[in-house]
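**Student:** fold the following and give me the result.
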Amino acid sequence: MHADLVFTGGAFGGRVFLSDASRARADAVAVRDGRIVAVGTDAAELIGTGTEVVDLDGRLLIPGFQDAHVHPLWGGLDMLRCDLADIGTQDEYLDRIRRYAGAHPDDEWVLGGGWQMSAFPGGTPTAAALDSAVADRPAFLPNRDGHGAWVNTRALELAGITRDTPDPADGRIERDTDGNPSGTLHEGAMGLVNRLLPPEPHERLREALAVGQRHLHSFGITAWQDAIVGTQYGDAGDPLPVYVAAAQADELSARVVGSLWWDRNRGLEQIDDLVAMREAGRAGRFAATSIKIMQDGVAENFTASMLEPYCDGHGHRTDNSGISFVEPELLKEAAARLDALGFTLHFHAIGDRAVRECLDAVEEALRRNGPRGNPHHISHIQVVHPDDVPRFRRLGVTANMQMLWATLEPQMVELTLPFLGDERSSWQYPFGDLLRAGAALAAGSDWSVSTPDPMAAIHTAVNRRSAPSEWEGDYPAFLPEQAIDLGTALQAYTAGSARVNSLPETGSIRVGMLADLALLDRDPFDGPADEIGNTRVLGTWVEGERVYTAE
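**Tutor:** The predicted structure is shown next:
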């Protein structure tokens with residue numbers, strides 16, 4: 001019986017990265033009815049008159065990338081709104097905002113986002129600057145990492161935010177020297193304005209998801225874990241019903257795991273609600289089987305949870321060590337109960353205290369429940385105390401790397417290193433140490449925080465320098481001893497992420513697996529390491545059906 005689709009070699013032979021433990025290669029792959037039916041020389045024998053043949057011709061076929069931490073609906077919505085992600089200075093931001101507001105005079109709010117903290121002194125833009133672009137209506141513009149928002153004076157007025165407004169427990173209002181709100185809201189303080197935003201219609205969110213999905217497919221991504229569903233996702237609403245509706249309508253070509261949001265303003269009573277959402281959140285290629293617990297903020301605004309206080313920029317310790325959003329004992333109890341119910345725990349942890357608290361929580365779950373095989377993982381892992389590196393392997397916790405961030409660039413140089421101090425700065429993104437300690441590795445982008453391009457991220461993991469597409473200055477390699485090799489990085493972004501996404505029939509190329517595949521325009525193993533980031537995706541397939549073709 002002939003194959004539906006065969007990838008085979010041309011003049012330069014077939015090149016197939018299997019993403020298995022042996023790092024083996026093959027020269028051809030055959031697909032029938034959505035599954036891989038032959039790998040190697042036998043595949044070419046299945047070519048018939050109706051078989052589509054793709055000539056590899058020296059390029060590399062890989063398993064489809066899987067993004068283990070991403071926000072496609074949010075990213076798609078940003079692309080439909082005032083998108084600031086592709087520019088990088090205050091003047092550029094204000095010009096685009098001004099033009100967007102002029103082109104959308106009937107919008108009640110000016111919404112968008114994607115600005116970089118490094119574009120502003122101290123990482124904090126002002127309402128006065130934003131007023132120069134839009135003053136007639138409120139404006140709310142989150143930054144790239146989603147942990148802060150730029151608002152204008154009208155938005156502050158509508159929210160009733162004044163010098164007398166206290167900071168919420170899980171956030172901070174940026175203030176000027178007189179104590180007045182200056183126009184940047186950090187973490188939970190964003191909610192003071194967020195709650196006023198008009199809800200987006202369901203069809204608009206469906207459109208945003210479709211835009212996000214197309215964008216991810218263009219980078220060879222065939223599956224992902226949406227890191228926040230099942231909650232009021234700011235002004236975007238709840239992605240959960242959007243995913244379910246799209247899956248039921250056969251609009252979801254990717255495989256998606258939804259991470260249900262753990263509401264840090266509630267306690268253990270929400271577990272019953274999460275169980276109900278898991279049952280309701282299953283349709284087609286979508287399943288809400290994970291729990292997202294955000295344990296801290298980010299280092300740039302001093303809300304990442306640290307074992308020791310931040311420095312003041314001059315080497316002196318302050319009295320601020322960040323915020324642990326979930327009380328550690330509650331975190332342990334929640335982890336044990338959720339693990340017993342079969343949920344995967346998906347933690348956000350930036351600071352070394354947050355990482356330790358998440359590991360402690362998994363350790364408590366293992367103590368009470370024994371090993372259950374749930375693929376728990378910690379995302380971001382920016383600062384990891386050396387004592388905690390070996391605990392990842394010992395506890396079976398996967399290190400979910402956002403590899404693109406492990407580089408020197410203005411935000412790191414100006415807003416992070418001076419406030420961490422030398423010792424903690426040397427503990428950042430310890431991918432090499434985690435690998436050497438035997439930790440399982442997965443990878444994700446956190447798009448729209450940063451580009452979803454896996455090859456740009458892999459370039460950074462291998463070189464500890466920014467990919468050409470992300471270049472922001474001529475900096476040396478950042479902690480080059482923490483680099484990992486190309487094969488390991490590719491495996492993390494394929495088989496490793498498939499493991500934390502609980503998709504055992506994907507992530508590698510072997511007979512019987514689903515034919516979720518991506519074709520690269522070159523074999524990055526053949527070129528110099530500093531050109532890895534130039535690699536592009538030519539085509540993406542899900543179950544043997546082409547979902548993206550490069551122009």
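**Student:** show the contacting residues for T540.
**Tutor:** By Cβ atoms under 8 Å, 6 or more residues apart in numbering, the residues touching T540 are G64, H217, S218, G220, I221, T222, L517, A518, L519, R546, V547, Y548. Any C-beta I mention is one placed from the backbone N, CA and C, and that applies to glycine too.
**Student:** at 10 Å what do you get?
**Tutor:** T540 is in contact with 64-65, 216-222, 253-254, 516-519, 546-550, counting by Cβ atoms under 10 Å, 6 or more residues apart in numbering.
**Student:** which ones among those map onto strands?
**Tutor:** Residues of these located in strands (DSSP state E): F65, I221, T222, L517, A518, L519, R546, V547, Y548, T549.
**Student:** chain neighbours aside, what residue packs nearest to the fourth one?
**Tutor:** If the residues on either side of it in the chain are set aside, L517 comes closest to W541, at 4.6 Å by Cβ to Cβ, 6 or more residues apart in numbering.
**Student:** that's a strand at the one you found, yeah?
**Tutor:** Yes: counting by DSSP: H, G, I helix; E, B strand; the rest coil, W541 is found in a strand.
**Student:** just checking, it touches T506?
**Tutor:** No: W541 is not in contact with T506 according to Cβ atoms under 10 Å; the separation is 11.7 Å.
**Student:** list residues touching both of these two?
**Tutor:** Joint contacts of W541 and T506 (Cβ under 10 Å, 6+ apart) are G64, T222, L514, A515, D516, L517.
**Student:** centre of the chain to the longest helix belonging to the chain, how far?
**Tutor:** The longest helix of the chain (DSSP state H) is helix 352-369. Taking Cα atoms, centre = their mean, to the nearest Å, one finds helix 352-369 lying 22 Å from the centre of the chain it belongs to.
**Student:** which helix or which strand is home to V53?
**Tutor:** strand 52-55 (DSSP states H and E).
**Student:** please apply the same query to P142.
**Tutor:** P142 belongs to strand 139-142 when assigned by DSSP H and E.
**Student:** same deal with A208?
**Tutor:** Here A208 sits within helix 202-217, counting by DSSP H and E.
**Student:** how many degrees apart are that helix and strand 545-549 in direction?
**Tutor:** If you take axes from the mean of the first three to the mean of the last three Cα atoms, to 10 degrees, helix 202-217 sits at 80 degrees to strand 545-549.
**Student:** other SSEs contacting helix 202-217?
**Tutor:** On a contact count with 3 or more Cβ pairs under 10 Å, 6 or more residues apart in numbering; DSSP states H and E, helix 202-217 meets strand 65-70, helix 72-80, strand 221-229, helix 239-248, strand 537-542, strand 545-549.
**Student:** which of the helices or strands spans S22?
**Tutor:** Per DSSP H and E: S22 is located in neither a helix nor a strand.
**Student:** could you look up the SS state of H346?
**Tutor:** Classification of H346 by three-state DSSP places it in strand.
**Student:** quick check: it vs W471, distance?
**Tutor:** Distance of H346 to W471, given as Cβ to Cβ, to the nearest Å: 31 Å.
**Student:** more neighbours: these two, which one.
**Tutor:** Comparing H346 with W471 by other Cβ atoms under 10 Å, the one with more neighbours is H346, at 27 against 13.
**Student:** test my guess that that one contacts A288.
**Tutor:** No: H346 is beyond contact range of A288, at 11.4 Å (criterion: Cβ under 10 Å).
**Student:** give me every residue that touches the nearest residue to S466 once chain neighbours are set aside.
**Tutor:** Leaving aside its chain neighbours, S466 sits nearest to T407 (4.8 Å; criterion: Cβ to Cβ, 6+ apart). Neighbouring residues of T407 by Cβ under 10 Å, 6+ apart: 429, 459-461, 463-467, 470-472, 475, 477-479.
**Student:** overlap of the contact sets of H346 and A288?
**Tutor:** Common neighbours of H346 and A288 are listed as V257, S259, L260 (criterion: Cβ under 10 Å, 6+ apart).
**Student:** got a markdown table for those residues, with pLDDT and neighbour count too?
**Tutor:** Shown next, in a markdown table, are those (pLDDT from 0 to 100; neighbours: other Cβ atoms under 10 Å):
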| residue | pLDDT | neighbour count |
| --- | --- | --- |
| V257 | 98 | 26 |
| S259 | 98 | 25 |
| L260 | 97 | 27 |
